[in-house]
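S.K.: the following block contains a protein sequence and its predicted model.
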Amino acid sequence: MAEPRDETTVSLSYKETLNLPVTNFPMRPNAKVDDPLLIERWKREGLYERAMEHNKGKAPYILHDGPPYANGHIHLGHAYNKILKDIITKAYRMAGYHVPVTPGWDCHGLPIELKVVKELTDHNPVTIKRACRLSAQKWIEVQREEFRRLGIIMDWEHPYLTMSFDYEAATLRAFGICHERGFIKRNYKTVAWCTSCETTLASAEIEYADRKDPSIYCVFPLTAASCQQLGLSPEDKIGFLVWTTTPWTLPLNRAVALKPQTDYALVRLDDRLVIVGDALVPALSALLKKELTIVATIPSDRFAGVTLHHPFIAAQTLPIIFDESVGTDEGTACVHIAPGCGPIDYELAVRNGIEVYSPISSTGRYTQEILPTELAGLSVVEGQGWVIRALEAAGTLIHKGVIQHSYPHCWRCHNGLIFRATKQWFFDLQHRNLQDATLSAIDQITFIPPHGKQSLHATVAHRWEWCLSRQRIWGIPIPALLCQQCDYALLDDQLIERVAAGIAESGVEFWDTVAITTLIGDKRCPHCAAATWIKGTDILDVWFDSGISHYAVLATSKPSHFPADIYLEGSDQYRGWFQSSLLTSMAIEGAPAMRSIMTHGFTVDDKGRKMSKSLGNGVEPQTLIDRLGTDGLRLWVSTISNEGDVVVSETLLKNVEQVYRKIRNSCRFMLQNLFDFDASKDMVATEQLLLFDRYALVNFAAFHERMRAAYKNGDFTLVFHSIADYCTTELSALYFDVVKDRLYVEVADGFERRSAQTVLWLMLDGMTRLIAPILSFTAEQIADSYQHSWQGSIHLQPFASYAALLAEPHTNEDQAIWAMLRSIRDALMKLLEEQRAAGTIKHSLEAAITLSIGSDYAQFHDWSLLKKACGAEKSPDKLSALLQELCVVSQVTLVSSAEGLQATELTGVTARVSVAPGVKCPRCWRWQESTAADGLCDRCRKIMTSLSAPQERSEL
Ligand SMILES: [Zn+2]
Ligand SMILES: [Zn+2]
Ligand SMILES: [Zn+2]
């Protein structure tokens, strides 16, 4: 310890002459307190309303909000979706578009109705509807505050609700347009039915329980013509062997289904030949306890066009159909198809153009239309025994047993269900080639990610019907009047419009209360002339309600917002909202409702399991807010690529925390060094900036343009990663590290410091606006700190523009020089590090570098440009000074020969690091040869003189 000077006293007094950083902007966010205060302020300042009006008259950008269901608190999936929408709309608003965003809520439907019905004793439809309205309204209020709490800016005071009277009327009018154009049909559909409750059941209302049923095997004989077609002799008594556990449905049989491209065996069984799936012969042999001889193996395709006799109804001839769903693991692989008695049978029948025959009453009895007529009036339970006796009499029963199996039951009365065809309303997808037109329209839509196009295309192409009617209460009534005499359904444009007008006045309750004569006078049934009408009780599928929002919301806004620029939902909406919106917009407007569709995945835990109540692995939005702050939650949203699952994992959350800290600290560094900078007075013109500052600014400007493009493309992950990288590698590790010296040491209002401050201010301003769509709270707080004259919320300000700077002729060269400087610095830092490790130097300022750049250096051209820009021919010191600053060392000497120098990682760049000669300046720590007793370097001496000079003068 050779230095006897009291360094503390000296450096303290010098320290007072440094421009040390100052800011009130805290290192850590206080989100719990600050975020709600900011939301209050946004409300007070009318930010929500102003944002909707902002840029009015400029090009609009319309994101059409898919309505969440108004039932329960929002979960993480809702938060994720709405934040994504908020990021993209904020970014477009800042890019100069007019971006009104109307949030929506889906209010009708089963979950609300079921909950309300459980709590009510009065089950009058009007009472139920009113209670449903109240329940939905309550949750809308709750969710609205929860969404607002996420910093989302939408027109919260003017949402669209599918239960508002206007919207309800619009839904019915949209239905009316579809009806007028011929898309609406009434047809049979097979549904699950409880014969004791006399109602259909939704799949959620079906319970499964074990029960015993008959298990029978019977023969459907081949017709003589088909025997001939197959080259078999009819005398052999040949038929398909069919297995069923519901013999009562056999009179309703309309076909036998086989599996395509599968081998079937022709088997000798006593005095006859039966056809069964080849794979099932051993099981059948075991069941019948008989040796079975396979006479021939026939591929199923050879049975195309074959016809059969019904096992006991002589008049009935039946077709063979083919379907992949036919199983070869039980039964006979020859499946009895009764389209009126099973959902799969129904689907096969519709696809194959086979009659949906279902003469079964609501109480589970055969009606007068049944054949054989002896069955009329019997219950289906009585039908079981009757059919078995009929099979025995016809000699077609092969085996009779009992099976215990899982069977659907009613959740209310616990009786076994049957399937029964009832008249339902359908949207005909084939009418006017709607399905094909929709498939072509999908090609015109832009998809993010692109593979969404195939998904939506496949979903629409594979859709084979759209059943519009539901036997429920809480929804839009299908306002048909049914003739009690003949079941004719009266539904015309006039009737629909009358009901729509009534609903616009008093809601869907209108249908329950209006008198039929008010609607149609004394009109008689055009089919049977009776005048006994009853109101239909079906309501519309809720996907129709939300699907026509393009008609009720987009098309009615002035000016019209149809079509929307973007629909943005989870990828499960291909089957749901995207599809119902697309089909109805094609039917009503003749064009798709959206120009682009952006989708995202589902929220999953760190093991990749979908979050669900039953697994108990859900994460509440509030849990993430408590840990990360609201902006942390928003930043998390931006980390997730819309290609994959929405993951919540510890690694990801840690990463988000780290990135947030990085961005915040970078902004804080800039704020700290701008405490005495007034942008209106102290700015240095960009063409006068110090070279190094100018290069940094040009580089930032180019980065900024890339980020704006990423926002425009909805690539928020790129924004997240790029901003994090930029803060680390370009700012903290490079620019900030280099300019620290100038900011702290130089004269406060001198050119050198103002040049760096100008760049910091421009970067801070650009960065704050750039992060505002994601870090909406933090950006507002930063703006408060550096925008000294208040310019309104950051969310009503545009992105920064560097167009003028980037248009200057040499910006490309400037960027190349910046990249070169970065790589030279990295290479020299490694040599410095070696010296530090060897103990030769501690701080980089203790070092001097001798540097040679050879013509074999890959970026020699850029190096020449830099030399030219520095005017190095005339004043070589300028280039040395720039390099000295770049490496934060005390001296850089440029030499032409590489002799005695060390190679670096860059070919052609050689250098030697040595201990800087001289003494350490006590003020700035730079080393310089000095004979002065105080050891001050030349720079600091000048500064100290200038600082003390005015003081002396003032004392005079
Ligand atoms: Zn029941
Ligand atoms: Zn009639
Ligand atoms: Zn100094």
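M.R.: Perfect, thanks for sending it. Given the structure is predicted, the values throughout are model-derived calculations rather than measurements. Ligands and ions are numbered 1, 2, ... in the order given.
S.K.: just the CA atoms of the strand or helix carrying residue 81, as CSV, please.
M.R.: Secondary-structure element containing residue 81, defined by DSSP states H and E: helix 76-94. What follows is helix 76-94, C-alpha atoms only, in CSV (Å, rounded to 0.1, in the frame of the first residue of the first chain):
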residue,chain,number,x,y,z
LEU,A,76,-56.3,-18.0,-17.6
GLY,A,77,-57.4,-19.0,-21.1
HIS,A,78,-59.7,-15.9,-21.2
ALA,A,79,-57.0,-13.7,-19.9
TYR,A,80,-54.5,-15.0,-22.5
ASN,A,81,-56.9,-14.5,-25.4
LYS,A,82,-58.1,-11.0,-24.4
ILE,A,83,-54.5,-9.8,-23.7
LEU,A,84,-53.4,-11.0,-27.2
LYS,A,85,-56.3,-9.0,-28.7
ASP,A,86,-55.3,-6.0,-26.6
ILE,A,87,-51.7,-6.2,-27.8
ILE,A,88,-52.6,-6.4,-31.4
THR,A,89,-55.2,-3.6,-31.3
LYS,A,90,-52.9,-1.3,-29.2
ALA,A,91,-50.1,-1.8,-31.7
TYR,A,92,-52.4,-1.0,-34.7
ARG,A,93,-53.7,2.1,-32.9
MET,A,94,-50.1,3.3,-32.3
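S.K.: mean confidence score for it?
M.R.: Per-residue pLDDT over helix 76-94 has a mean of 97.
S.K.: try stretch 829-838
M.R.: Throughout stretch 829-838, pLDDT has a mean value of 95.
S.K.: just stretch 122-140 next, same as before
M.R.: 97.
S.K.: what's the spacing between it and its chain's center?
M.R.: Offset of stretch 122-140 from its chain centre (Cα atoms, centre = their mean, to the nearest Å): 30 Å.
S.K.: next, the buried residues of it.
M.R.: Under the neighbour-count criterion of 16 or more other Cβ atoms under 10 Å, stretch 122-140 has 125, 126, 127, 128, 129, 131, 132, 133, 135, 136, 139, 140 buried. (Each C-beta comes from the backbone N, C-alpha and C, glycine too.)
S.K.: please name the nearest non-neighbouring residue to the fourth one.
M.R.: Ranked by Cβ to Cβ, 6 or more residues apart in numbering and with sequence neighbours excluded, the top spatial neighbour of residue 128 is residue 473, at 5.1 Å.
S.K.: can you give me the distance of that neighbour to ligand 1?
M.R.: Per Cβ to the ion, to the nearest Å, residue 473 is found 17 Å from ligand 1.
S.K.: quick check, pLDDT for that residue.
M.R.: 95.
S.K.: ok, residue 139 - contacts?
M.R.: 70, 71, 72 (Cβ atoms under 8 Å, 6 or more residues apart in numbering).
S.K.: cool, and residue 448?
M.R.: Counting by Cβ under 8 Å, 6+ apart, residue 448 makes contact with 596, 597, 598, 599, 642, 713, 714.
S.K.: tell me if I am right that the second one is in a strand.
M.R.: Okay, so that is residue 597. Yes. Counting by DSSP: H, G, I helix; E, B strand; the rest coil, residue 597 is part of a strand.
S.K.: I figured it hits residue 452, correct?
M.R.: Yes. Between residue 597 and residue 452 there is a contact under Cβ atoms under 8 Å: 5.9 Å.
S.K.: neighbour-wise, which of these two wins?
M.R.: Neighbours per residue, other Cβ atoms under 10 Å: of residue 597 and residue 452, the larger number sits with residue 597, 26 against 21.
S.K.: dig out what the residue nearest to residue 333 when sequence neighbours are not counted forms beta bridges with.
M.R.: Excluding the flanking residues, the one nearest residue 333 by Cβ to Cβ, 6+ apart is residue 277, at 2.6 Å. As for beta bridges, residue 277 partners with residue 264 under DSSP bridges.
S.K.: neighbours around whatever residue of the stretch 201-350 of the chain ends up closest to ligand 1, how many?
M.R.: For the stretch 201-350 of the chain and ligand 1, the shortest gap (Cβ to the ion) falls at residue 201, measuring 7.8 Å. Residue 201 sits with 20 neighbouring residues when counted by other Cβ under 10 Å.
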